[in-house]
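[1] Provide a 3D model corresponding to the input given below.
(2 chains)
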Amino acid sequence: SAVISQKPSRDICQRGTSLTIQCQVDSQVTMMFWYRQQPGQSLTLIATANQGSEATYESGFVIDKFPISRPNLTFSTLTVSNMSPEDSSIYLCSVEEQLNTEAFFGQGTRLTVV
Amino acid sequence: GQQLNQSPQSMFIQEGEDVSMNCTSSSIFNTWLWYKQDPGEGPVLLIALYKAGELTSNGRLTAQFGITRKDSFLNISASIPSDVGIYFCAGQRAGNNRKLIWGLGTSLAVNP
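    Modelled structure (predicted):
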């Protein structure tokens, strides 16, 4: 399976600031996704990162708050903008190597907003 | 958003015991996936199921894709301390809407 590296692994940020999370895969993958996992909760899909075009956002998530880039088949970024304490979560990058295959996850970015 | 019904929510067992957890849905899925998440890590795929009735093993883990395509279970035999973690099921439909639908997780604690 693809090896997925997320940076940073954790961060503590001031409210009102923005943080960009990077996801690097060691091979080209078809699909890349961003999830949020709030403390003690299950995973919630934020958006599908589309190569060379705007991401597809799920209900409740908007581009202004969570801008996403995917310039190629191995890299994507998620920015958490104008952060508030409610944004404190684990953010996870996920990939599917080919269509209709299993999803694999990075180790996650643990974000704390103070 | 939609979530799967995963049970039990938590389990506390003795080392060596067998464990069973399951997920149910009101709708049909084409794929069932089982993941384990350790603290501070992302979910790790344990077993993937693609066909109704399919029974698949991965070491001490066994999972089945329900005949109705609306449920799946995961069994862990002879549990060991490193089985501790949170287990998630996820279902995926066919077609264009391939978003994974997640269970709420089963937290497993193993007493050595």
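[2] how about the single nearest residue of chain B relative to chain A, secondary structure?
    Nearest residue of chain B to chain A (C-beta to the nearest C-beta) works out as residue B:42 at 3.5 Å. Yep, even glycine has a C-beta here, placed from its N, CA and C like the rest. Here residue B:42 takes the coil state, with states given by DSSP: H, G, I helix; E, B strand; the rest coil.
[3] could you list the contact residues of chain B toward chain A?
    Residues of chain B that fall close to chain A, judged by C-beta under 8 Å from any C-beta of the partner chain: B:1, B:3, B:31, B:33, B:35, B:40-45, B:48, B:88, B:90, B:98-100, B:102-105.
[4] can you say which of those residues are buried?
    B:31, B:33, B:35, B:41-43, B:45, B:48, B:88, B:90, B:98-100, B:102-105 (16 or more other C-beta atoms under 10 Å in any protein chain shown).
[5] my read is that residue A:112 contacts residue A:12, right?
    Yes. In this structure, residue A:112 is within contact of residue A:12 by C-beta atoms under 8 Å, at 4.7 Å.
[6] give me the contacts around the helix or strand hosting residue B:74.
    According to DSSP states H and E, residue B:74 maps onto strand B:71-76. Here strand B:71-76 makes contact (C-beta atoms under 8 Å, 6 or more residues apart in numbering or on different chains) with B:18-25, B:32, B:34, B:46-47, B:49, B:60-66, B:83, B:87, B:89, B:91, B:108.
[7] by mean pLDDT, which helix or strand of chain B comes out lowest?
    None of the helices or strands of chain B scores lower by mean pLDDT, DSSP states H and E than strand B:100-102, at a mean of 92.
[8] give the contact list for the residue of chain B closest to chain A.
    Contacts of residue B:42 (C-beta under 8 Å, 6+ apart): A:4, A:6, A:92, A:94, A:105, A:106, A:107, A:108.
[9] of these, which pair is most distant in space?
    A:94 and A:107 (11.5 Å; C-beta to C-beta).
[10] what ranges do the helices span in chain B?
    Counting by DSSP state H, no segments of chain B form helices.
[11] so which bits of chain A are right by chain B?
    A:1, A:4, A:6, A:41-45, A:58-60, A:92, A:94, A:100, A:102-108, A:110.
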